[in-house]
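[1] Got a sequence here, can you model it:
(chains A and B)
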Amino acid sequence: MLTRHPISENLDLLIACRSCDLLLDRVIPAPGKVARCPRCHHTLISNKRNVIDNTLAAAVSTAILMVAAIFFPFISLSEAGLHRDASVLDAINAFSDGWSVPLTVAVAAFIVVIPVTRAAALIYALLPLRLGLKPASGAARSFRMAMALRPWSMAEIFIIGVAVALVKVSDLATVSLGPSFWAFCGLILTVAFENKTLCEWTIWRLLDPRKR
Amino acid sequence: MDDMAPARSPETITAREAGLVSCDGCGALAPLGARACERCHAALHSRRPNASQRVWAWLAAGIVCYIPANVYPMLLTNTFGKVQSGTIIGGAIELFEYGAYFVAIVVIVASVVIPVAKFAVIIMLMLGVRYGSRLSAHRRMQLYEATEFIGRWSMIDVFVVAILTALVQLGFIASINPGPAAVCFALSVVFTMLAAQSFDPRSIWDSLEEHQRRVGH
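    Just a heads-up that it's a prediction; the model follows:
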(Lines give C-alpha, C1' and ligand atoms only; values in the text may rest on other atoms or scores of the structure.)
Protein backbone atom coordinates (compact mmCIF):
# COMPACT_ATOMS: atom_id res chain seq x y z
CA MET A 1 0.00 0.00 0.00
CA LEU A 2 1.22 3.45 -0.80
CA THR A 3 1.24 6.13 1.81
CA ARG A 4 -0.60 9.30 0.90
CA HIS A 5 1.93 11.65 2.30
CA PRO A 6 5.31 11.59 0.61
CA ILE A 7 8.11 11.60 3.13
CA SER A 8 11.19 11.49 0.99
CA GLU A 9 13.00 14.52 -0.39
CA ASN A 10 14.93 12.42 -2.87
CA LEU A 11 13.30 12.62 -6.32
CA ASP A 12 14.28 9.03 -7.05
CA LEU A 13 12.21 7.82 -4.14
CA LEU A 14 9.12 9.72 -5.21
CA ILE A 15 6.62 9.02 -7.96
CA ALA A 16 3.91 11.26 -9.39
CA CYS A 17 0.73 9.72 -10.77
CA ARG A 18 0.81 10.36 -14.51
CA SER A 19 -2.92 10.63 -14.58
CA CYS A 20 -3.76 12.92 -11.63
CA ASP A 21 -0.33 14.32 -10.60
CA LEU A 22 -0.59 13.08 -7.00
CA LEU A 23 2.88 12.91 -5.44
CA LEU A 24 3.64 9.70 -3.62
CA ASP A 25 6.45 7.79 -2.04
CA ARG A 26 7.62 5.24 -4.53
CA VAL A 27 6.88 1.79 -3.24
CA ILE A 28 7.78 -1.00 -5.62
CA PRO A 29 5.12 -3.70 -5.38
CA ALA A 30 5.95 -7.35 -4.92
CA PRO A 31 6.62 -9.23 -8.18
CA GLY A 32 3.38 -9.84 -10.03
CA LYS A 33 1.58 -7.11 -8.06
CA VAL A 34 0.44 -3.69 -9.26
CA ALA A 35 0.79 -0.36 -7.44
CA ARG A 36 -2.10 2.00 -8.14
CA CYS A 37 -2.65 5.65 -7.40
CA PRO A 38 -4.77 5.86 -4.23
CA ARG A 39 -6.66 8.85 -5.61
CA CYS A 40 -7.48 7.96 -9.23
CA HIS A 41 -6.51 4.26 -9.32
CA HIS A 42 -4.27 4.71 -12.36
CA THR A 43 -1.57 2.02 -12.57
CA LEU A 44 1.73 3.43 -11.33
CA ILE A 45 3.98 0.40 -11.42
CA SER A 46 3.15 -3.13 -12.43
CA ASN A 47 6.01 -5.20 -11.28
CA LYS A 48 5.93 -7.88 -13.95
CA ARG A 49 8.54 -10.56 -14.11
CA ASN A 50 10.89 -10.55 -17.13
CA VAL A 51 9.59 -7.28 -18.53
CA ILE A 52 12.49 -6.90 -20.95
CA ASP A 53 12.34 -10.49 -22.20
CA ASN A 54 8.59 -10.42 -22.69
CA THR A 55 8.49 -7.05 -24.40
CA LEU A 56 11.31 -8.08 -26.72
CA ALA A 57 9.53 -11.35 -27.46
CA ALA A 58 6.38 -9.43 -28.39
CA ALA A 59 8.33 -7.01 -30.59
CA VAL A 60 10.32 -9.71 -32.42
CA SER A 61 7.20 -11.79 -33.03
CA THR A 62 5.36 -8.73 -34.31
CA ALA A 63 8.17 -8.06 -36.78
CA ILE A 64 8.24 -11.65 -38.03
CA LEU A 65 4.46 -11.94 -38.31
CA MET A 66 4.32 -8.64 -40.15
CA VAL A 67 6.78 -9.85 -42.79
CA ALA A 68 4.61 -12.95 -43.26
CA ALA A 69 1.47 -10.81 -43.33
CA ILE A 70 2.82 -8.61 -46.10
CA PHE A 71 4.32 -11.20 -48.40
CA PHE A 72 2.00 -14.20 -48.15
CA PRO A 73 -1.39 -14.28 -49.89
CA PHE A 74 -4.06 -12.71 -47.73
CA ILE A 75 -7.53 -13.55 -49.00
CA SER A 76 -8.86 -14.75 -52.31
CA LEU A 77 -12.32 -14.62 -53.75
CA SER A 78 -13.74 -16.78 -56.50
CA GLU A 79 -17.10 -16.73 -58.20
CA ALA A 80 -18.32 -18.00 -61.56
CA GLY A 81 -14.84 -18.77 -62.81
CA LEU A 82 -13.52 -15.40 -61.84
CA HIS A 83 -10.78 -15.23 -59.29
CA ARG A 84 -9.41 -12.36 -57.26
CA ASP A 85 -6.46 -12.43 -54.86
CA ALA A 86 -6.05 -9.60 -52.43
CA SER A 87 -2.90 -9.04 -50.44
CA VAL A 88 -2.53 -6.65 -47.56
CA LEU A 89 -0.89 -4.23 -49.98
CA ASP A 90 -4.04 -4.33 -52.13
CA ALA A 91 -6.11 -3.39 -49.08
CA ILE A 92 -3.79 -0.45 -48.48
CA ASN A 93 -4.09 0.55 -52.12
CA ALA A 94 -7.89 0.50 -51.97
CA PHE A 95 -8.04 4.26 -51.53
CA SER A 96 -5.41 5.17 -54.10
CA ASP A 97 -7.94 6.51 -56.62
CA GLY A 98 -8.45 10.24 -56.76
CA TRP A 99 -8.75 12.42 -53.72
CA SER A 100 -8.69 9.68 -51.12
CA VAL A 101 -4.94 9.06 -51.68
CA PRO A 102 -4.04 10.43 -48.22
CA LEU A 103 -6.20 7.69 -46.75
CA THR A 104 -3.95 5.14 -48.46
CA VAL A 105 -1.00 6.63 -46.62
CA ALA A 106 -2.91 6.58 -43.35
CA VAL A 107 -4.06 2.98 -43.77
CA ALA A 108 -0.51 1.90 -44.65
CA ALA A 109 0.72 3.66 -41.52
CA PHE A 110 -1.94 2.20 -39.21
CA ILE A 111 -1.67 -1.42 -40.24
CA VAL A 112 1.94 -1.87 -41.38
CA VAL A 113 4.34 1.06 -40.93
CA ILE A 114 3.51 1.99 -37.35
CA PRO A 115 3.41 -1.57 -35.97
CA VAL A 116 6.77 -2.29 -37.64
CA THR A 117 8.29 1.00 -36.48
CA ARG A 118 7.15 0.31 -32.92
CA ALA A 119 8.62 -3.19 -32.98
CA ALA A 120 11.93 -1.87 -34.35
CA ALA A 121 12.04 0.94 -31.77
CA LEU A 122 11.37 -1.47 -28.91
CA ILE A 123 14.04 -3.88 -30.13
CA TYR A 124 16.53 -1.02 -30.55
CA ALA A 125 15.84 0.27 -27.05
CA LEU A 126 15.66 -3.03 -25.20
CA LEU A 127 17.98 -5.50 -26.93
CA PRO A 128 21.18 -3.91 -25.54
CA LEU A 129 19.67 -4.13 -22.03
CA ARG A 130 18.87 -7.78 -22.60
CA LEU A 131 22.45 -8.42 -23.68
CA GLY A 132 23.77 -6.63 -20.62
CA LEU A 133 25.20 -3.74 -22.61
CA LYS A 134 24.57 -0.10 -21.94
CA PRO A 135 21.56 1.35 -23.75
CA ALA A 136 22.12 2.45 -27.35
CA SER A 137 22.25 6.17 -27.95
CA GLY A 138 18.73 7.39 -28.52
CA ALA A 139 17.28 4.38 -26.70
CA ALA A 140 15.16 6.65 -24.48
CA ARG A 141 13.85 8.55 -27.48
CA SER A 142 12.97 5.41 -29.39
CA PHE A 143 11.20 3.88 -26.40
CA ARG A 144 9.24 7.09 -25.91
CA MET A 145 8.29 7.07 -29.58
CA ALA A 146 7.17 3.43 -29.34
CA MET A 147 4.89 4.32 -26.43
CA ALA A 148 3.52 7.44 -28.11
CA LEU A 149 2.69 5.45 -31.25
CA ARG A 150 0.87 2.74 -29.34
CA PRO A 151 -2.70 4.03 -29.95
CA TRP A 152 -1.95 4.48 -33.67
CA SER A 153 -0.89 0.90 -34.24
CA MET A 154 -4.07 -0.75 -35.51
CA ALA A 155 -3.17 -4.17 -36.90
CA GLU A 156 -5.59 -5.85 -34.51
CA ILE A 157 -8.41 -3.50 -35.50
CA PHE A 158 -7.72 -4.17 -39.17
CA ILE A 159 -8.20 -7.89 -38.79
CA ILE A 160 -11.56 -7.36 -37.04
CA GLY A 161 -12.54 -5.15 -39.99
CA VAL A 162 -11.52 -7.94 -42.33
CA ALA A 163 -13.70 -10.38 -40.42
CA VAL A 164 -16.68 -8.04 -40.82
CA ALA A 165 -15.96 -7.68 -44.54
CA LEU A 166 -15.79 -11.44 -44.95
CA VAL A 167 -19.27 -11.82 -43.50
CA LYS A 168 -20.48 -9.31 -46.07
CA VAL A 169 -18.96 -11.09 -49.06
CA SER A 170 -19.39 -14.70 -47.99
CA ASP A 171 -22.84 -14.81 -49.61
CA LEU A 172 -21.51 -13.28 -52.79
CA ALA A 173 -18.59 -15.57 -53.50
CA THR A 174 -16.30 -18.25 -52.15
CA VAL A 175 -13.64 -16.86 -49.86
CA SER A 176 -10.39 -18.58 -49.00
CA LEU A 177 -7.96 -17.37 -46.39
CA GLY A 178 -4.21 -17.34 -46.92
CA PRO A 179 -1.30 -17.52 -44.43
CA SER A 180 -1.18 -13.75 -44.25
CA PHE A 181 -4.66 -13.71 -42.69
CA TRP A 182 -3.50 -16.05 -39.94
CA ALA A 183 -0.34 -13.99 -39.43
CA PHE A 184 -2.55 -10.98 -38.78
CA CYS A 185 -4.58 -13.01 -36.30
CA GLY A 186 -1.28 -13.80 -34.58
CA LEU A 187 -0.61 -10.07 -34.37
CA ILE A 188 -3.70 -9.72 -32.18
CA LEU A 189 -1.99 -12.05 -29.72
CA THR A 190 1.37 -10.27 -29.77
CA VAL A 191 -0.36 -6.91 -29.22
CA ALA A 192 -2.37 -8.33 -26.32
CA PHE A 193 0.77 -9.91 -24.88
CA GLU A 194 2.67 -6.65 -25.07
CA ASN A 195 -0.18 -4.73 -23.39
CA LYS A 196 -0.24 -7.31 -20.65
CA THR A 197 3.47 -7.51 -19.93
CA LEU A 198 4.91 -4.08 -20.59
CA CYS A 199 5.48 -1.93 -17.51
CA GLU A 200 6.62 1.50 -18.63
CA TRP A 201 7.91 2.49 -15.23
CA THR A 202 10.20 -0.56 -14.99
CA ILE A 203 11.64 -0.05 -18.46
CA TRP A 204 12.21 3.64 -17.88
CA ARG A 205 14.15 2.86 -14.74
CA LEU A 206 16.33 0.40 -16.65
CA LEU A 207 16.87 2.89 -19.48
CA ASP A 208 17.75 5.78 -17.17
CA PRO A 209 21.15 7.16 -18.28
CA ARG A 210 21.53 8.96 -14.96
CA LYS A 211 21.73 5.63 -13.17
CA ARG A 212 24.97 4.63 -14.86
CA MET B 1 -16.95 7.32 -3.54
CA ASP B 2 -13.67 8.20 -2.00
CA ASP B 3 -13.62 11.73 -3.41
CA MET B 4 -16.53 12.68 -1.21
CA ALA B 5 -13.80 13.35 1.32
CA PRO B 6 -12.11 16.73 0.80
CA ALA B 7 -9.89 16.25 -2.22
CA ARG B 8 -7.34 18.62 -0.82
CA SER B 9 -6.93 17.04 2.56
CA PRO B 10 -3.64 18.02 4.17
CA GLU B 11 -2.06 14.66 3.42
CA THR B 12 -2.43 14.83 -0.37
CA ILE B 13 -0.09 16.91 -2.43
CA THR B 14 0.36 17.03 -6.17
CA ALA B 15 3.74 17.16 -7.86
CA ARG B 16 2.96 20.68 -9.01
CA GLU B 17 2.21 21.83 -5.45
CA ALA B 18 5.48 20.26 -4.34
CA GLY B 19 7.35 22.31 -6.95
CA LEU B 20 7.93 19.33 -9.22
CA VAL B 21 6.98 18.43 -12.74
CA SER B 22 6.40 14.87 -13.91
CA CYS B 23 7.49 14.19 -17.48
CA ASP B 24 4.62 13.33 -19.84
CA GLY B 25 6.98 11.15 -21.85
CA CYS B 26 8.47 8.96 -19.15
CA GLY B 27 7.11 10.00 -15.77
CA ALA B 28 10.47 11.14 -14.34
CA LEU B 29 10.31 13.97 -11.81
CA ALA B 30 12.16 17.24 -12.26
CA PRO B 31 12.03 20.59 -10.50
CA LEU B 32 9.25 22.86 -11.80
CA GLY B 33 10.67 25.14 -14.47
CA ALA B 34 13.09 22.60 -15.97
CA ARG B 35 12.64 22.61 -19.74
CA ALA B 36 13.55 19.13 -20.91
CA CYS B 37 13.43 15.77 -19.24
CA GLU B 38 16.91 14.46 -18.42
CA ARG B 39 15.81 10.90 -18.88
CA CYS B 40 13.82 10.89 -22.13
CA HIS B 41 14.53 14.41 -23.51
CA ALA B 42 10.83 15.26 -23.86
CA ALA B 43 9.78 18.86 -23.31
CA LEU B 44 8.51 19.25 -19.74
CA HIS B 45 5.22 20.80 -18.77
CA SER B 46 3.29 20.35 -15.59
CA ARG B 47 -0.05 20.42 -17.43
CA ARG B 48 -0.53 19.80 -21.15
CA PRO B 49 -0.19 23.24 -22.79
CA ASN B 50 -3.36 24.87 -24.16
CA ALA B 51 -5.19 21.64 -23.47
CA SER B 52 -8.64 23.19 -23.50
CA GLN B 53 -8.20 24.95 -26.85
CA ARG B 54 -6.68 21.89 -28.44
CA VAL B 55 -9.41 19.57 -27.21
CA TRP B 56 -12.21 21.84 -28.43
CA ALA B 57 -10.49 22.36 -31.79
CA TRP B 58 -9.88 18.66 -32.48
CA LEU B 59 -13.31 17.78 -31.23
CA ALA B 60 -15.02 20.35 -33.46
CA ALA B 61 -13.05 19.01 -36.43
CA GLY B 62 -14.08 15.47 -35.50
CA ILE B 63 -17.77 16.35 -35.29
CA VAL B 64 -17.66 18.34 -38.55
CA CYS B 65 -16.15 15.35 -40.38
CA TYR B 66 -18.61 12.95 -38.80
CA ILE B 67 -21.57 14.59 -40.54
CA PRO B 68 -20.54 13.94 -44.18
CA ALA B 69 -19.31 10.54 -43.03
CA ASN B 70 -22.92 9.62 -42.35
CA VAL B 71 -24.55 11.48 -45.20
CA TYR B 72 -22.36 10.37 -48.11
CA PRO B 73 -21.97 6.76 -49.22
CA MET B 74 -19.26 4.66 -47.65
CA LEU B 75 -19.35 1.98 -50.34
CA LEU B 76 -20.19 2.08 -54.04
CA THR B 77 -21.25 -1.40 -55.11
CA ASN B 78 -21.42 -2.16 -58.80
CA THR B 79 -23.24 -5.39 -59.68
CA PHE B 80 -23.91 -6.15 -63.34
CA GLY B 81 -23.53 -2.50 -64.26
CA LYS B 82 -25.91 -1.27 -61.57
CA VAL B 83 -24.31 1.03 -59.00
CA GLN B 84 -25.64 0.99 -55.47
CA SER B 85 -24.37 3.27 -52.77
CA GLY B 86 -24.44 2.42 -49.09
CA THR B 87 -24.03 4.70 -46.12
CA ILE B 88 -22.70 3.54 -42.76
CA ILE B 89 -26.18 3.06 -41.32
CA GLY B 90 -27.41 1.56 -44.59
CA GLY B 91 -24.62 -1.02 -44.50
CA ALA B 92 -25.52 -2.04 -40.98
CA ILE B 93 -29.22 -2.36 -41.87
CA GLU B 94 -28.28 -4.51 -44.84
CA LEU B 95 -26.31 -6.80 -42.53
CA PHE B 96 -29.36 -7.06 -40.27
CA GLU B 97 -31.44 -8.08 -43.26
CA TYR B 98 -28.91 -10.77 -44.18
CA GLY B 99 -29.39 -12.09 -40.66
CA ALA B 100 -25.81 -11.29 -39.63
CA TYR B 101 -26.98 -9.71 -36.39
CA PHE B 102 -23.72 -9.97 -34.49
CA VAL B 103 -21.70 -8.33 -37.24
CA ALA B 104 -24.38 -5.68 -37.71
CA ILE B 105 -24.09 -4.85 -34.03
CA VAL B 106 -20.27 -4.68 -34.26
CA VAL B 107 -20.61 -2.20 -37.14
CA ILE B 108 -23.25 -0.10 -35.36
CA VAL B 109 -21.21 -0.01 -32.16
CA ALA B 110 -17.93 0.82 -33.89
CA SER B 111 -19.27 3.42 -36.31
CA VAL B 112 -22.16 5.04 -34.49
CA VAL B 113 -22.24 4.29 -30.77
CA ILE B 114 -18.52 4.74 -30.06
CA PRO B 115 -18.01 7.98 -32.06
CA VAL B 116 -21.14 9.64 -30.68
CA ALA B 117 -20.38 8.48 -27.14
CA LYS B 118 -16.85 9.83 -27.54
CA PHE B 119 -18.09 13.25 -28.58
CA ALA B 120 -20.48 13.27 -25.63
CA VAL B 121 -17.87 12.12 -23.11
CA ILE B 122 -15.25 14.65 -24.22
CA ILE B 123 -17.79 17.51 -24.11
CA MET B 124 -18.93 16.35 -20.69
CA LEU B 125 -15.37 16.13 -19.39
CA MET B 126 -14.50 19.59 -20.68
CA LEU B 127 -17.65 21.16 -19.21
CA GLY B 128 -17.04 19.29 -15.97
CA VAL B 129 -13.56 20.77 -15.64
CA ARG B 130 -14.91 24.24 -16.30
CA TYR B 131 -18.19 24.26 -14.39
CA GLY B 132 -18.02 21.26 -12.08
CA SER B 133 -19.85 18.02 -12.64
CA ARG B 134 -22.42 15.91 -10.88
CA LEU B 135 -20.31 12.87 -11.66
CA SER B 136 -17.52 12.07 -9.22
CA ALA B 137 -13.99 12.76 -10.38
CA HIS B 138 -13.33 9.07 -10.20
CA ARG B 139 -16.23 8.26 -12.53
CA ARG B 140 -15.07 10.94 -14.98
CA MET B 141 -11.58 9.47 -14.87
CA GLN B 142 -13.00 6.06 -15.80
CA LEU B 143 -14.93 7.61 -18.67
CA TYR B 144 -11.77 9.31 -19.90
CA GLU B 145 -9.77 6.09 -19.78
CA ALA B 146 -12.55 4.21 -21.56
CA THR B 147 -12.66 6.90 -24.27
CA GLU B 148 -8.93 6.75 -24.83
CA PHE B 149 -8.95 2.98 -24.94
CA ILE B 150 -11.95 2.44 -27.15
CA GLY B 151 -11.74 5.35 -29.62
CA ARG B 152 -9.37 3.69 -32.05
CA TRP B 153 -11.77 0.78 -32.58
CA SER B 154 -14.04 3.05 -34.62
CA MET B 155 -11.52 2.64 -37.43
CA ILE B 156 -13.00 -0.81 -38.14
CA ASP B 157 -15.39 0.50 -40.78
CA VAL B 158 -12.60 2.16 -42.75
CA PHE B 159 -10.74 -1.15 -42.85
CA VAL B 160 -13.92 -2.95 -43.91
CA VAL B 161 -14.16 -0.61 -46.88
CA ALA B 162 -10.45 -1.07 -47.67
CA ILE B 163 -10.60 -4.83 -47.74
CA LEU B 164 -13.91 -4.98 -49.61
CA THR B 165 -12.49 -2.66 -52.26
CA ALA B 166 -9.36 -4.75 -52.58
CA LEU B 167 -11.23 -8.02 -52.72
CA VAL B 168 -14.40 -7.43 -54.66
CA GLN B 169 -13.04 -6.53 -58.09
CA LEU B 170 -14.72 -9.17 -60.22
CA GLY B 171 -15.17 -6.95 -63.22
CA PHE B 172 -18.72 -6.80 -64.52
CA ILE B 173 -20.19 -9.25 -61.97
CA ALA B 174 -19.38 -7.22 -58.91
CA SER B 175 -17.00 -4.51 -57.87
CA ILE B 176 -16.85 -2.34 -54.80
CA ASN B 177 -15.27 1.09 -54.52
CA PRO B 178 -14.90 3.46 -51.59
CA GLY B 179 -17.28 6.40 -51.34
CA PRO B 180 -16.44 9.87 -50.04
CA ALA B 181 -17.67 9.01 -46.56
CA ALA B 182 -14.70 6.70 -45.96
CA VAL B 183 -12.21 9.57 -45.90
CA CYS B 184 -14.50 11.75 -43.77
CA PHE B 185 -15.04 8.94 -41.32
CA ALA B 186 -11.32 8.17 -41.01
CA LEU B 187 -10.61 11.86 -40.42
CA SER B 188 -13.33 12.04 -37.81
CA VAL B 189 -11.82 9.10 -35.91
CA VAL B 190 -8.30 10.55 -36.08
CA PHE B 191 -9.44 14.01 -34.93
CA THR B 192 -11.41 12.58 -32.03
CA MET B 193 -8.43 10.47 -30.97
CA LEU B 194 -6.30 13.62 -31.01
CA ALA B 195 -8.97 15.43 -28.95
CA ALA B 196 -8.87 12.68 -26.33
CA GLN B 197 -5.06 12.72 -26.31
CA SER B 198 -4.96 16.50 -25.84
CA PHE B 199 -7.21 16.31 -22.81
CA ASP B 200 -5.23 16.41 -19.58
CA PRO B 201 -6.80 14.08 -17.00
CA ARG B 202 -4.99 16.02 -14.28
CA SER B 203 -7.38 18.89 -14.97
CA ILE B 204 -10.26 16.81 -13.56
CA TRP B 205 -8.49 16.69 -10.21
CA ASP B 206 -7.16 20.24 -10.40
CA SER B 207 -10.66 21.60 -10.96
CA LEU B 208 -11.97 19.52 -8.08
CA GLU B 209 -9.44 21.09 -5.76
CA GLU B 210 -10.24 24.56 -7.04
CA HIS B 211 -13.96 24.07 -6.47
CA GLN B 212 -13.26 22.75 -3.00
CA ARG B 213 -11.11 25.78 -2.22
CA ARG B 214 -13.75 28.19 -3.49
CA VAL B 215 -16.42 26.51 -1.39
CA GLY B 216 -14.09 26.43 1.61
CA HIS B 217 -13.45 30.17 1.64
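
[2] Any regions of chain A where pLDDT drops low?
    When the per-residue scores of chain A are filtered using pLDDT under 70, the ranges that remain are A:1-9, A:209, A:211-212.

[3] What segments of it are helices?
    Secondary structure of chain A by DSSP state H: the helices cover A:51-71, A:88-92, A:101-108, A:114-130, A:139-148, A:155-169, A:179-197, A:200-207.

[4] so which residue of chain A comes closest to chain B?
    When CB to the nearest CB is the measure, chain A has its nearest residue to chain B at A:Gly161, with 2.9 Å between them. All C-beta atoms are positioned from the backbone trio N, CA, C, and that covers glycine.

[5] Just give the nearest non-adjacent residue to A:Asp97, would you?
    B:Asn177 (7.3 Å; CB to CB, 6 or more residues apart in numbering or on different chains).

[6] That neighbour pairs with what?
    Counting by DSSP bridges, B:Asn177 forms beta bridges with B:Leu76.

[7] list the helices and strands the lengthiest helix in chain B packs on?
    Ordering each helix of chain B by length in residues (DSSP H) puts helix B:51-71 first. In terms of contacts (3 or more CB pairs under 8 Å, 6 or more residues apart in numbering or on different chains; DSSP states H and E), helix B:51-71 is packed against helix B:88-98, helix B:114-131, helix B:180-198.

[8] Just send the ones you listed back as CSV, with distance to chain A, mean pLDDT and mean neighbour count too.
    As requested, the helices and strands packed on helix B:51-71 are exported to CSV (distance: least, CB to the nearest CB, whole Å; pLDDT from 0 to 100; neighbours: other CB atoms under 10 Å in any protein chain shown):
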stretch, distance to chain A, mean pLDDT, mean neighbour count
helix B:88-98, 7, 85, 18
helix B:114-131, 12, 93, 18
helix B:180-198, 5, 94, 23
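
[9] of these, which approaches A:Ile203 most closely?
    Across the helices and strands packed on helix B:51-71, the minimum distance to A:Ile203, taken as CB to CB, is reached by helix B:180-198, at 21.0 Å.

[10] and A:Leu122, how far is that from A:Arg130?
    In this view, A:Leu122 and A:Arg130 are 11 Å apart by CB to CB, to the nearest Å.

[11] Comparing the two, which residue is more hemmed in?
    Neighbours per residue, other CB atoms under 10 Å in any protein chain shown: of A:Leu122 and A:Arg130, the larger number sits with A:Leu122, 25 against 12.

[12] check contacts around the more buried one.
    If a contact means CB atoms under 8 Å, 6 or more residues apart in numbering or on different chains, then A:Leu122 has A:Thr55, A:Leu56, A:Ala58, A:Ala59, A:Ser142, A:Phe143, A:Ala146 as its contacts.

[13] any idea how far the residue nearest to A:Asp97 lies from A:His42?
    Distance from B:Asn177 to A:His42, counting by CB to CB: 45 Å.

[14] And A:Val191, by the same measure?
    Shown here: A:Val191 relative to A:His42, a distance of 21 Å by CB to CB.

[15] Between these two, which is the more surrounded one?
    Of the pair A:Val191 and A:His42, A:Val191 is the one with more neighbours under other CB under 10 Å, namely 20 against 15.

[16] Am I right that that one is in contact with A:Met154?
    No. A:Val191 sits out of contact with A:Met154 when judged by CB atoms under 8 Å, with a separation of 9.5 Å.

[17] if we can go back for a sec, within reach of chain B, which of the contacts of A:Leu122 are there?
    Cross-checking the contacts of A:Leu122 against chain B (CB under 8 Å from any CB of the partner chain) gives A:Phe143 as the overlapping residues.

[18] Identify the farthest-apart pair in the contacts of A:Leu122.
    Farthest apart among those by CB to CB are A:Ala58 and A:Ser142. That separation is 15.6 Å.

[19] Domains of the chain: list them as residue ranges, please.
    In the absence of a named chain, this looks at chain A. For chain A, whose domains are defined here by automatic domain parsing, the residue ranges read A:11-46, A:51-211.

[20] Chain B is the one I meant
    Structural domains annotated on chain B: B:1-46, B:48-216, as defined by automatic domain parsing.

[21] weakest of these by average pLDDT?
    Among these, domain B:1-46 has the lowest mean pLDDT, at a mean of 77.

[22] So for B:Leu29, which of the helices of chain A sits nearest?
    Evaluated over the helices of chain A, closeness to B:Leu29 peaks at helix A:200-207, with 11.6 Å, by CB to CB.

[23] How about residues contacting the closest one?
    Helix A:200-207 is touched from outside by A:15, A:44-48, A:51-52, A:55, A:125-126, A:129, A:135, A:139-140, A:143, A:147, A:211, B:26-28, B:39-40, with contacts defined as CB under 8 Å, 6+ apart.

[24] Pull out the buried residues from those residues.
    A:15, A:44-48, A:51-52, A:55, A:125-126, A:129, A:135, A:139-140, A:143, A:147, B:26-28, B:39-40 (16 or more other CB atoms under 10 Å in any protein chain shown).

[25] To B:Arg130, which of the domains of chain A lies closest?
    domain A:11-46 (17.8 Å).

[26] For the closest one, measure first residue to last.
    The separation between the terminal residues of domain A:11-46, taken as CA to CA, to the nearest Å, is 20 Å.

[27] Next, see if it gets close to chain B.
    Yes. Where contact is defined by CB under 8 Å from any CB, part of domain A:11-46 touches chain B, namely A:11, A:14-16, A:18-23, A:39-42.

[28] Show me which pair in those is furthest apart.
    Set against one another by CB to CB, these have their most distant pair in A:Leu11 and A:His41, with a gap of 23.8 Å.

[29] Which residue does chain B have closest to chain A?
    Among the residues of chain B, B:Phe159 lies closest to chain A, at 2.9 Å counting by CB to the nearest CB.

[30] I'd say that residue and A:Glu156 touch.
    No. Taking contact to mean CB under 8 Å, the distance of 10.6 Å between B:Phe159 and A:Glu156 leaves them out of contact.

[31] Comparing the two, which shows the higher neighbour count?
    A side-by-side neighbour count of B:Phe159 and A:Glu156, using other CB under 10 Å, places B:Phe159 first with 26 against 20.

[32] residue contacts, the closest residue to the more buried one other than its chain neighbours?
    Spatial nearest neighbour of B:Phe159, excluding adjacent residues (CB to CB, 6+ apart): A:Gly161 at 2.9 Å. Contact analysis of A:Gly161 by CB under 8 Å, 6+ apart lists B:Met155, B:Ile156, B:Asp157, B:Val158, B:Phe159, B:Val160, B:Ala162, B:Ile163.
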